[in-house]
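**Q** When you get a sec, could you give me coordinates for this:
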Amino acid sequence: MNRIPASIIRQVLLLTGIILLGVLLFRELKFFIPALLGAYTLYSLLRKYFMILTGKHKWKKGATAAFLMLLSFLIILLPIMFLVSMMSTKVAYAIEHSGEILRRIQTLVRGYEQQWGFEVLTDANIAKATNWAATRLPAILNATLNTLTTIVIMYFVLYFMLVSGRKMETGLYNWMPVKEENVLLIRKDLNNMVISNAVGIPVIALLQGLVGLLGYIIIGVDQPVFWFAITAITALLPVVGAALAYVPLSLLLFAGGDTWRGVAVLVYGFAVIGLVDNVFRFWFNKKFGDIHPLITVFGVIIGVSVFGFIGIIFGPILISLFLLLVRIYSSEYGSRVQKMDDIGTS
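**A** As a prediction, the model looks like this:
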């Protein structure tokens, strides 16, 4: 019998130790993974400008990193915080007047029950909805606190990424156990995936919100800016997307007896707002990241379950990265496996 070389045994033991230690670190540092992914995303977007300012214009690295971080906060995070704050105010009002809102909903549903001849809003369903809200509200508040902590850690990591970017990239390239051309392929495709998801998804959601805002103003909807925020945020979700905004809005208009506005919002939502999503989302992903629509859909589902709301962006990136690594593995070792098969059959 052929003996296994000692070098192979040492390699297997070393890889086993690396995998076990990696699993332990992942389990203990799972809370910080969204911050690390967010820092890398911003690093990919800001790297070019950092190199220009420090190389061409001779800015100091620390000052340049601080300037770009502040700029990204003002352009990216501040508008998001404004929208969240606007929604939080409305949610607080809804909680404060929950009894009145519930009575209105009951009146509306009872009318449809009498018209259609079946019961929807039973006491058991009301109790379930109340219990669900009571359990979810603390989770939402806790998620808000976790998001603030993630943002702080993200910018802390981003600063060192920008300042030591070249050293970090050189180290990663030297450590990766693949050919140089595949290292460059990983870098190129990863940057495209970041742009396609981290930029494309929010931009298209904002575009849908702006298109919705224009329609809400023309139709004459009350508080169009608030519904713009709801439309932009729900547009981040796949499949249903902004329909979670304009469908409830149309139902509220129907409930208030404003039938023509309800119909107008419903038609405008499906015909115009939905068209923006169907056309631009898949075009943007195909243009910059060559990402299949199914990767976006399943990536969001997996990302949200693993990382929370921020997984909307990182989920598709993880699936695309997994498929890229499989392709690189096939390029690195596929021909070798085929040669071994040929030798074994000869």
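**Q** residues contacting residue 186?
**A** Counting by C-beta atoms under 8 Å, 6 or more residues apart in numbering, residue 186 makes contact with 176, 178, 324, 325, 328. C-beta: built from backbone N, CA, C; applies to glycine.
**Q** Run through who's touching the helix or strand containing residue 35.
**A** Here residue 35, judged by DSSP states H and E, is contained in helix 33-51. Here helix 33-51 makes contact (C-beta under 8 Å, 6+ apart) with 26, 64-65, 68-69, 72, 150-151, 153-155, 157-158, 161-162, 165, 190-191, 194-195, 198-199, 307-308, 310-311, 313-314, 317.
**Q** Tell me the helix or strand right after it.
**A** Next in sequence after helix 33-51, counting helices and strands by DSSP H and E, comes helix 61-72.
**Q** Report all helices and strands that that next one contacts.
**A** helix 33-51, helix 123-163 (3 or more C-beta pairs under 8 Å, 6 or more residues apart in numbering; DSSP states H and E).
**Q** Which one of these has the poorest average confidence?
**A** When those are compared by mean pLDDT, helix 123-163 comes last with a mean of 67.
**Q** Pull stretch 192-205 out as PDB, backbone CA atoms only.
**A** Output of stretch 192-205 as PDB, limited to C-alpha atoms (Å, rounded to 0.1, in the frame of the first residue of the first chain):
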ATOM      1  CA  ASN A 192     -18.400  45.000  -9.600                       C
ATOM      2  CA  MET A 193     -20.600  43.200  -7.200                       C
ATOM      3  CA  VAL A 194     -20.200  45.900  -4.500                       C
ATOM      4  CA  ILE A 195     -21.100  48.600  -7.000                       C
ATOM      5  CA  SER A 196     -24.100  46.600  -8.400                       C
ATOM      6  CA  ASN A 197     -25.500  45.900  -4.900                       C
ATOM      7  CA  ALA A 198     -24.300  48.600  -2.500                       C
ATOM      8  CA  VAL A 199     -24.900  51.400  -5.100                       C
ATOM      9  CA  GLY A 200     -27.500  49.900  -7.400                       C
ATOM     10  CA  ILE A 201     -30.100  48.700  -4.900                       C
ATOM     11  CA  PRO A 202     -30.300  52.000  -2.900                       C
ATOM     12  CA  VAL A 203     -30.200  54.200  -6.000                       C
ATOM     13  CA  ILE A 204     -33.000  52.300  -7.700                       C
ATOM     14  CA  ALA A 205     -35.000  52.300  -4.400                       C
END
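**Q** For that stretch, which residues meet the burial criterion?
**A** Under the neighbour-count criterion of 16 or more other C-beta atoms under 10 Å, stretch 192-205 has 192-202, 204-205 buried.
**Q** Quick one: low-confidence residue ranges for the protein.
**A** 1-2, 80-81, 83-147, 238-239, 255, 281-282, 284-293, 308-310, 333-346 (pLDDT under 70).
**Q** Now do residue 256: how many residues are near it, please.
**A** 13 (other C-beta atoms under 10 Å).
**Q** scratch that, residue 222
**A** Count around residue 222 with other C-beta under 10 Å applied: 13.
**Q** From residue 265, how far off is it?
**A** Distance, residue 222 to residue 265, by C-beta to C-beta, to the nearest Å: 12 Å.
**Q** again with residue 176
**A** Residue 176 is 52 Å from residue 265, where distance means C-beta to C-beta.
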